[in-house]
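Participant: sequence and predicted structure are below.
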Amino acid sequence: MDQLQNILVFAIFLIAMGYLISKFVWTPPFLKRKSKDGCGDGHCGCH
């Protein structure tokens, strides 16, 4: 039972560290948002 607990704690720790790194340090290319409507034309309402 102790070994299973250690594995779960380690897995949750790795998931949390991965989230924090992707949130604050590095954004992977597959998580970057891409603008589809070409903001900057003056008619999209973002100015």
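Facilitator: Great, that's in hand.

Participant: helices along the chain, start to end?
Facilitator: Secondary structure of the chain (DSSP state H): helices located at 2-20.

Participant: low pLDDT regions in it?
Facilitator: 28, 30-47 (pLDDT under 70).

Participant: distance of Val25 from Phe13?
Facilitator: 17 Å (Cβ to Cβ, to the nearest Å). For every residue, glycine as well, the C-beta is placed using N, CA and C.

Participant: okay, these two: which has more neighbours?
Facilitator: Per other Cβ atoms under 10 Å, whichever of Val25 and Phe13 has more neighbours is Phe13, with 10 against 7.

Participant: how many other residues sit next to Asp2?
Facilitator: 6.

Participant: do Lys23 as well
Facilitator: What Lys23 shows, counting by other Cβ under 10 Å, is a neighbour count of 10.

Participant: what's near enough to touch it?
Facilitator: For Lys23, no contacting residues are found, by Cβ atoms under 8 Å, 6 or more residues apart in numbering.

Participant: if I look at it, how far off is Ala16?
Facilitator: 10 Å.

Participant: now swap in Leu4 and tell me
Facilitator: 19 Å.

Participant: what do you get for Ser22?
Facilitator: Distance from Ser22 to Ala16, by Cβ to Cβ: 11 Å.

Participant: repeat that for Phe24.
Facilitator: 12 Å.

Participant: what sits in contact with each of the two?
Facilitator: Joint contacts of Phe24 and Ala16 (Cβ under 8 Å, 6+ apart) do not exist.

Participant: shared neighbours of Lys23 and Ala16, anything?
Facilitator: By Cβ under 8 Å, 6+ apart, no residue touches both Lys23 and Ala16.

Participant: Met1: neighbour count?
Facilitator: Neighbours around Met1, by other Cβ under 10 Å: 5.
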